[in-house]
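**Student:** would you be able to build a 3D model of this:
(3 chains)
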Amino acid sequence: MPEIGVRHETMSIWEYANPRKFTATATRLLPWVAWAAAILTIGGLIWGFAFTPNADRFESTVKIIYVHVPSALMAINAWLMMLAGSLIWLVRRHHVSALAARAAAPVGMVMTLIALWTGAVWGQPMWGTWWAWDPRLTSFLILFLFYLGYMALWAAIEDPDTAADLTSVLCLVGSVFALLSRYAVNFWNQGLHQGTSVPVATGGRSVADVYFLPLVACMVGFGLLFVALVLARTVTLIRTRRLAVIEMKAVRA
Amino acid sequence: MNLDLGKYTAEVLLAYAGSLVLLVGIVWISVAQYRRAARDLSRAEKDAK
Amino acid sequence: MRALLFRDLRLAMRAGGGFGLALAFFLILVVMVPFSVGPDPVLLSRIAPGVLWLGALLACLLSLDRLFALDHEDGSLDLLATAPLPLEAVTAVKALAHWLTTALPLIVAAPVLGVLLSLPAAGYGWLVLSLLAGTPALSAIGTFGAALTVGLKRGGLLLSLLVLPLYVPTLIFGAEVARRGAEGLPIGPTLALLAGVTLATLALLPFASAAVLRINLR
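**Tutor:** The predicted structure follows:
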C-alpha cells in the first residue's frame, strides 16, 4: 500500500539520473563493458586484418572497412546520443544527461576523424584522390565542425548549468542544420561514395559472410567502446564537479 | 591467415595506424582523466572530514 | 517594436556603430581575390558568383558580435527582457535591424563588385535575387549565434565557429542560384529550396535565439 507522503520505491530508468546512483552503477558496469569492448574491438580488428581474404577489385584495401564503417556509424550515433542527452536535460533537468552529452562529444569527434582518415587513405588508390567533395565526405566534414563548435561552447562558459543549457540548444539547432546540410550537399554534388553496405533498416546486405562477420564484431566492439568511454567520461565529469563543490565549500569555510 | 596486402600495403597499414593512434589517444586521455578525478575527489573528501 | 527597430538602426548608423564596416570588408575581400587567383577574366567570371556569396556571408559575420554586446554592457538588454514585448519579437527585430544595416548594403554593392570580377551579364539579376532570398537567413542564424555568446568576453571567434557550419545550407543554395543564373541554367527549384531554407530559418530561429538569450540573462 503506498502511503501518503512516502516516496514509493519503484525502479525506473530515471533513478540513474541521480549522479550518485549513476556513478555507483557506472563504475560497477565499467570494467565489464570495457573488457567486452576491448575483446570485440581488438579481436574483430585482428580477425578482419589478418584472417579475411582480399577482394577482387579492392584487393587488400577492403580491410580498411573494419575501421571505416564502425567509426562512421559511431560518429553519427554519438551525435544522436548527444541530441537525446540534450533533450532530456532541457525537458527533465537531469545533470547526468547533460554531462553524458558533453562526455560523448570528444569521442564522437575522434570517430569522425577516424572515418575521414580511413576514407581518405582508401580513396587515394580507389578514386585516385585523397579527398573529393562527395556528399558523404562533405557531410562528415561538416559534422566534424559541429563537434568542434559544440565542444568549444562547453569550454567557453563557466557556469555549468548555463553551459548545459546553451550547448543543448546548440545541439538541437545544430542537428536540424546538419540534416539540412546533408540534403543540401546531396543536391550540390552527386557522389562517388558507394551505397551503404550494411543497410540495417532493410536487413539486406551487399557483402559476403567472410567480410560481414568480422565487420559485425568491429561494429559491436566500437559501440561498446563508445559506451565504455562515455560512462567513464561522464563519471569523470560528475566527480570533477563534485570536487569543485567541495573546494568551494572549503574556501568559504 | 592472410597477411598479404599486395600493392596496397602502405595504404592499409596507414589507415590502421592512424586510426589506432586516434583510438588509443582518446582511451588514454579518458582513462587518465578518470583516474585523476577519482584520486582528487577521494583526497578532497578525506580532507573535508 | 518599431521604436526598438529605429533605435537599433540609429545606433548602427552612428559613428563607430559598425555601419559601413561590413561593406568595406566586402569590397576589400573582393579586391583581394584577383590578387590571389590571378587576373584571368575567364576564371574570374566563373568563380564570381561563389566569391561574391562567400564575401557577403563573411561580411555578415563581421558585425554579429556587436548585435547584443552594446545592449548587454549598458544593461538595456535586461530591460528588454522584462519589457512587455516578448523576447522572440526582440530577437526578430534585432535580426531585421542586422539585415537592414549589414546585408542590404552588401546586396546593393554586390552588382558593382560583380563588375570587378567580370560576372557575366546574365548573372546580375539572379545574384541580387539570390542574396535577397538568402541573407535574411544569415541574419537570423547570426542573431542566434550572437545570443549564444552574449555573455562571453571574447566570443567573436567562437561565434564564427558556431555560426559558419549553420550557414552551409544557405551558402550552398544561394551560390548555386547565382552560379546557375550567371551560366544561364534553369533556376526554379534551387531558388525554391533557398527560399524554403530562409523561411524555415526565419520562422524557427527567433524562438531559439530568445530561449538562449533568456538562459544567458538568468
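**Student:** is chain A within reach of stretch B:10-21?
**Tutor:** Yes - judged by C-beta under 8 Å from any C-beta of the partner chain, stretch B:10-21 and chain A are in contact via B:Glu11, B:Val12, B:Leu14, B:Ala15, B:Tyr16, B:Gly18, B:Ser19. (Glycine included, C-beta is placed from N, CA and C.)
**Student:** how distant is that stretch from the center of its chain?
**Tutor:** Remark: stretch B:10-21 is offset 15 Å from the chain centroid, using C-alpha atoms, centre = their mean, to the nearest Å.
**Student:** and the contacts of that stretch?
**Tutor:** A:45, A:49, A:60-61, A:63-64, A:67-68, A:71, A:114, A:117-118, A:121-122, A:124-125, B:5 (C-beta atoms under 8 Å, 6 or more residues apart in numbering or on different chains).
**Student:** in strands, which of the residues of stretch B:10-21 next to chain A appear?
**Tutor:** Here DSSP state E is the test, and those give no hits in strands at all.
**Student:** mind listing the helices for chain B?
**Tutor:** With DSSP state H as the criterion, chain B has helices at B:9-48.
**Student:** surely C:Leu9 forms part of a helix?
**Tutor:** Yes - checked against DSSP: H, G, I helix; E, B strand; the rest coil, C:Leu9 lies within a helix.
**Student:** what's the local residue count around the nearest residue to C:Arg214 once chain neighbours are set aside?
**Tutor:** For C:Arg214, ignoring the flanking residues on the chain, the nearest one in space by C-beta to C-beta, 6 or more residues apart in numbering or on different chains is C:Leu87 at 6.3 Å. C:Leu87 is flanked by 22 other residues according to other C-beta atoms under 10 Å in any protein chain shown.
**Student:** next: C:Pro41.
**Tutor:** Neighbours of C:Pro41 under the rule other C-beta under 10 Å: 11.
**Student:** look at C:Lys94 and report its pLDDT.
**Tutor:** C:Lys94 carries a pLDDT value of 84.
**Student:** got the residues of chain A near chain C?
**Tutor:** Contacts of chain A with chain C, taken as C-beta under 8 Å from any C-beta, map to A:142, A:145-146, A:148-149, A:152-153, A:156-157, A:162, A:165-166, A:169-170, A:172-174, A:176-178, A:180-181, A:183-185, A:187-188.
**Student:** quick one: the nearest residue to C:Leu119 once chain neighbours are set aside from C:Ser160, how far?
**Tutor:** In this structure, C:Leu119 finds its nearest non-sequential neighbour in C:Ala48, 4.2 Å apart by C-beta to C-beta, 6+ apart. Shown here: C:Ala48 relative to C:Ser160, a distance of 24 Å by C-beta to C-beta, to the nearest Å.
**Student:** isn't C:Gly114 right up against C:Tyr124?
**Tutor:** Yes - using C-beta atoms under 8 Å, C:Gly114 makes contact with C:Tyr124 at a distance of 6.0 Å.
**Student:** pick out whichever of these two has more residues nearby.
**Tutor:** Each of C:Gly114 and C:Tyr124 has its neighbours counted (other C-beta under 10 Å); C:Gly114 has more, 24 against 18.
**Student:** contact partners for that one?
**Tutor:** C:Ala48, C:Leu52, C:Gly123, C:Tyr124, C:Leu127.
**Student:** and A:Asp165, by the same measure?
**Tutor:** A:Asp165 makes contact with A:Trp89, A:Leu90, C:Val212, C:Ile215, according to C-beta under 8 Å, 6+ apart.
**Student:** out of these, which is nearest to chain B?
**Tutor:** Using C-beta to the nearest C-beta, A:Trp89 comes nearest to chain B of those, at 20.8 Å.
**Student:** that closest one touches A:Leu166, doesn't it?
**Tutor:** No - the pair A:Trp89 and A:Leu166 does not pass the contact test of C-beta under 8 Å, sitting 11.1 Å apart.
**Student:** between these two, what contacts are shared?
**Tutor:** Common neighbours of A:Trp89 and A:Leu166 (C-beta under 8 Å, 6+ apart) do not exist.
**Student:** any idea which helix is longest in the chain?
**Tutor:** No chain was given, so I picked chain A. Longest helix in chain A, counting by DSSP H: helix A:209-252.
**Student:** actually, chain C is the one I wanted.
**Tutor:** Chain C, longest helix under DSSP H: helix C:188-217.
**Student:** and it, what's buried?
**Tutor:** Across helix C:188-217, burial judged by 16 or more other C-beta atoms under 10 Å in any protein chain shown covers C:190-191, C:193-195, C:197-198, C:201-202, C:205-206, C:208-213, C:215-217.
**Student:** rounded mean pLDDT for that helix, please.
**Tutor:** On average, helix C:188-217 scores 87.
**Student:** so which elements touch that helix?
**Tutor:** Secondary-structure packing of helix C:188-217 (3 or more C-beta pairs under 8 Å, 6 or more residues apart in numbering or on different chains; DSSP states H and E): helix A:160-188, helix C:76-82, helix C:87-98, helix C:123-148, helix C:156-183.
**Student:** which SSE is immediately downstream of the third one?
**Tutor:** The reference is to helix C:87-98. helix C:104-116 (DSSP states H and E).
**Student:** give me the angle between that next one and helix C:156-183.
**Tutor:** 50 degrees (axes from the mean of the first three to the mean of the last three C-alpha atoms, to 10 degrees).
**Student:** so where's the chain uncertain?
**Tutor:** Reading this off chain A. Scanning chain A for pLDDT under 70 picks out the ranges A:1-16, A:55-58, A:189-209.
**Student:** oops, I was thinking of chain C
**Tutor:** Ranges of chain C meeting pLDDT under 70: C:1, C:11-19.
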